[in-house]
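Asker: Fold the following and give me the result.
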Amino acid sequence: MAEAPTQQSSTVDLPASWRLERLAGALGAEITGVTLADIADGEIALIRSLLAQYGVLFFPDQRIGIDDHVAFGARF
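Answerer: Numbering: from 1, shown residues only. Below is the predicted model:
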């Protein structure tokens, strides 16, 4: 039987509205509570740090258009 995802504390402090859930062994996390279409530079730095820590990040339920998606990706 597969293990259920667990809330995982990261090595960085998350904004109060963000929730991070580790998805699998040593790889992957899901982050909720963040809106990628309207994200500050400091939050981008935090996402970079989390990406380095978890390898893969998922941001479910984002409602962003193509232009916002491209602008978000360009910040990496």
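
Asker: Just list whatever residues bridge to Leu57.
Answerer: Judged by DSSP bridges, the bridge partners of Leu57 are Ala29.

Asker: neighbours of it, just the number please.
Answerer: Each residue near Leu57 was counted by other CB atoms under 10 Å, and the total is 16. For every residue, glycine as well, the C-beta is placed using N, CA and C.

Asker: Please name the residues that touch it.
Answerer: Going by CB atoms under 8 Å, 6 or more residues apart in numbering, Leu57 touches Gly28, Ala29, Glu30, Ile31, Ile47, Leu50, Leu51.

Asker: Give me the ChimeraX select line for the residues you listed, limited to the buried ones.
Answerer: The ChimeraX command for the buried members of the contacts of Leu57 (criterion: 16 or more other CB atoms under 10 Å) is given here:
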select :29,30,31,47,50
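
Asker: For the contacts of Leu57, give me CSV that also has pLDDT.
Answerer: Shown next, in CSV, are the contacts of Leu57 (pLDDT from 0 to 100):
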residue, pLDDT
Gly28, 94
Ala29, 95
Glu30, 96
Ile31, 96
Ile47, 95
Leu50, 95
Leu51, 93
